[in-house]
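>>> what's the 3D shape of this:
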Amino acid sequence: MLKALIFDMDGVLVDSMPFHAAAWKRAFLEMGMEIRDEDIYAIEGSNPNTGLPLLIRCAGEDPEAFDFEEITAIYRQEFGKIFELKAFDGMKECLETLKSRYLLSVVSGSDRLIVNGILNQLFPGVFDAVVTGDDVIYAKPHPDPFLKAVELLQVRKEECLVIENAIFGVESAKRADIYCIGVPTYVDFEQLDRADLVVGGHRELMEHLLSLGSSPSI
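The predicted structure is shown next:
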């Protein structure tokens, strides 16, 4: 029986990844490196400890030569300057309807302060459990973030459904052995092919979620 829906935040609930990408690119430039949007979208869902080494290697540099905390501090400062808060159209209303049927959770690789700030402004009181990049040692694509959410929700894995838009997020959900719906917000449809179901966009996603019964596969 389906009891809980677990959402990624960036790219699923909030159209925020372009701002994250711009902030990371600015931070890398200040450190003398260049990265591309597609490099950032490819590792979306990871936390800085996991994602930064991958991005630094994409820039052709050695991760051990850089201070992750310094890069992250520049990113946070820049993100705070440029970020424009925007939920995907219809998502708030969709979540309010779903809350009467299921437990709801967010699992994000972003910082706790960023995640809580966004959720408190856009979706106050909606989520029963929140897992951020600060709450686990091993971030997406490891299964730990979703397993943490399952633990907090006090349900079984087979009673959950994950909604993800990122390659690492889908990988994380499947490694946690949880049914996963993919929505290709910033990546190609085919890149989410490990998901159990890939929808065409947010309108189709919300229609599907609102039509769910007691089984994730319905």
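>>> And for Val89, the neighbour number?
Careful, residue 89 is Asp; it's not Val. 12 (other Cβ atoms under 10 Å). (Each C-beta comes from the backbone N, C-alpha and C, glycine too.)
>>> just checking, it touches Met206?
No - the criterion here is Cβ atoms under 8 Å, and Asp89 misses it with Met206 at 9.2 Å.
>>> where do the contact lists of these two overlap?
Counting by Cβ atoms under 8 Å, 6 or more residues apart in numbering, no residue touches both Asp89 and Met206.
>>> the domain parsing of the chain - what is it?
4-15+86-210, 17-82 (automatic domain parsing).
>>> could you dump those to JSON lines with mean pLDDT?
Below are the domains of the chain laid out as JSON lines (pLDDT from 0 to 100):
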{"stretch": "domain 4-15+86-210", "mean pLDDT": "96"}
{"stretch": "domain 17-82", "mean pLDDT": "92"}
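>>> which of these is buried the deepest?
Highest mean neighbour count among the domains of the chain (mean count of other Cβ atoms under 10 Å): domain 4-15+86-210, with a mean of 20.
>>> what's the first-to-last distance across that one?
13 Å (Cα to Cα, to the nearest Å).
>>> That one: how far from the chain's middle?
Offset of domain 4-15+86-210 from its chain centre (Cα atoms, centre = their mean, to the nearest Å): 6 Å.
>>> what are the ranges of the helices in the protein?
Listed in chain order, the helices of the chain (DSSP state H) span 17-30, 37-42, 48-58, 68-82, 91-98, 112-122, 144-153, 167-175, 202-210.
>>> tilt between the first one and helix 48-58?
In other words, helix 17-30. Interaxial angle, helix 17-30 versus helix 48-58 (axes from the mean of the first three to the mean of the last three Cα atoms, to 10 degrees): 60 degrees.
>>> CA atoms only: put helix 17-30 into PDB for me.
Extracted in PDB, the C-alpha atoms of helix 17-30 (Å, rounded to 0.1, in the frame of the first residue of the first chain):
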ATOM      1  CA  MET A  17      18.700  24.700 -10.900                       C
ATOM      2  CA  PRO A  18      19.600  27.500 -13.300                       C
ATOM      3  CA  PHE A  19      20.400  29.700 -10.300                       C
ATOM      4  CA  HIS A  20      22.500  26.900  -8.600                       C
ATOM      5  CA  ALA A  21      24.400  26.500 -11.900                       C
ATOM      6  CA  ALA A  22      25.100  30.200 -12.300                       C
ATOM      7  CA  ALA A  23      26.300  30.400  -8.700                       C
ATOM      8  CA  TRP A  24      28.600  27.400  -9.000                       C
ATOM      9  CA  LYS A  25      30.000  28.700 -12.300                       C
ATOM     10  CA  ARG A  26      30.700  32.000 -10.600                       C
ATOM     11  CA  ALA A  27      32.500  30.300  -7.700                       C
ATOM     12  CA  PHE A  28      34.600  28.200 -10.100                       C
ATOM     13  CA  LEU A  29      35.600  31.300 -12.100                       C
ATOM     14  CA  GLU A  30      36.800  33.000  -8.900                       C
END
